[in-house]
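> structure for this input, please:
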Amino acid sequence: MRYLVLSAMSIAIVVGFVVLREALSAVDEKFRSTVGFATILLAGPLYLIFDAFGFGISTVRLHGSETPPAYHDLNAVIDMILFLAGALTYIATAAFAISLGQSRWIGRGAARAFTIVPFLFGVLLLRRVGEIDHTDG
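Reported below is the predicted structural model:
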């Protein structure tokens, strides 16, 4: 159920940002909303790929089987997929925040906050990548 909810959430986020881009395009705020649109279109499928791997491994564990050795080999790739999806989502959020601020749909303070927070989360994401150890030894 967890991965079904995560997949639905991934799809809903992409759909929401696509609708937001169209609305911002109508008020001539095209550049930043297009950047956000492009990055979220890349992030959405990456989340779905990550969810598919998670669903697969959960299904294996649910049936009492051992995790296949190939999955351990793919662990670094799966982590990279999640990292890229997260980073792209933060970029999309910041781009849309700036776009919303420029169109005056949100105030300057809110636009700053919605730009700073994804930046800070991106820094934390980079720190986490530096701490990951993919050795099985």
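> how about low-confidence regions in the protein?
Under the criterion pLDDT under 70, the flagged ranges of the chain are 132-137.
> so which residues of it form helices?
Here the chain has its helices, by DSSP state H, at 2-25, 31-62, 69-102, 108-131.
> using CSV, write out the CA atom coordinates for the last one.
What follows is helix 108-131, C-alpha atoms only, in CSV (Å, rounded to 0.1, in the frame of the first residue of the first chain):
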residue,chain,number,x,y,z
ARG,A,108,7.6,38.4,-1.7
GLY,A,109,8.1,36.8,1.7
ALA,A,110,6.4,33.6,0.8
ALA,A,111,8.3,33.5,-2.6
ARG,A,112,11.6,33.9,-0.7
ALA,A,113,10.6,31.2,1.8
PHE,A,114,9.5,28.8,-0.9
THR,A,115,12.8,29.4,-2.7
ILE,A,116,15.1,29.2,0.4
VAL,A,117,13.6,26.0,1.8
PRO,A,118,14.2,23.9,-1.3
PHE,A,119,17.7,25.3,-1.4
LEU,A,120,18.4,24.3,2.2
PHE,A,121,16.8,20.8,1.6
GLY,A,122,19.1,20.5,-1.4
VAL,A,123,22.1,21.2,0.7
LEU,A,124,21.0,18.6,3.2
LEU,A,125,20.4,16.1,0.3
LEU,A,126,24.0,16.7,-0.8
ARG,A,127,25.3,16.2,2.7
ARG,A,128,23.4,12.9,2.9
VAL,A,129,25.0,11.7,-0.3
GLY,A,130,28.4,12.3,1.2
GLU,A,131,27.5,10.1,4.2
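> mind listing residues that contact that helix?
Outside helix 108-131, the residues that touch it by C-beta atoms under 8 Å, 6 or more residues apart in numbering are 83, 86-87, 89-91, 93-94, 96-98, 100-102, 106. In this view, the C-beta of every residue, glycine as well, is placed from N, C-alpha and C.
> that'll do, ta.
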